[in-house]
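Peer 1: sequence unavailable; structure follows:
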């Protein structure tokens with residue numbers, strides 16, 4: 001069964017562009033992974049703060065595990081964490097009523 005992941009990032013003030021640049025590098029690299037079905041990056045304003053969100057979809061648990069072992073994933077984790085005010089928020093979603101994934 002497909003795995004859907006929702007990820008939230010809250011950059012430290014002044015580091016929004018750096019966080020966005022790191023996430024933009026992840027997009028084509030992750031979309032090229034064999035088990036990735038979707039990897040979409042979003043930006044939002046929340047109470048004057050910039051938030052970034054990813055909606056990810058993978059073929060199965062093995063594809064998620066593969067993703068987390070890639071060089072680009074490991075590099076992104078190492079570089080992005082010091083730029084965030086909060087830990088990365090990761091939620092695995094269970095579809096209840098969706099039109100299209």
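Peer 2: That came through fine. Every value quoted in this text rests on a predicted model; they were computed, and no experiment measured them.

Peer 1: the residue nearest to residue 59 when sequence neighbours are not counted: how many residues sit nearby?
Peer 2: Residue nearest to residue 59 in three dimensions, not counting chain neighbours: residue 35, with 4.2 Å by Cβ to Cβ, 6 or more residues apart in numbering. Where C-beta positions appear, they are placed from N, C-alpha and C, glycine not excepted. Residues lying near residue 35 (other Cβ atoms under 10 Å) number 17.

Peer 1: pLDDT value on residue 35, please?
Peer 2: Residue 35 is assigned 97 on the pLDDT scale.

Peer 1: one more: the one 5 residues further on?
Peer 2: Confidence at residue 40, expressed as pLDDT, is 98.

Peer 1: who are the contact partners of it?
Peer 2: Contact partners of residue 40, counting by Cβ atoms under 8 Å, 6 or more residues apart in numbering, are 54-56.

Peer 1: list the buried residues of the strand or helix carrying it.
Peer 2: Secondary structure from DSSP states H and E places residue 40 in strand 36-46. Buried residues in strand 36-46, counted by 16 or more other Cβ atoms under 10 Å: 36, 39, 41.

Peer 1: partners of it in the sheet?
Peer 2: Here strand 36-46 has these sheet partners by DSSP bridges: strand 49-58 (antiparallel).
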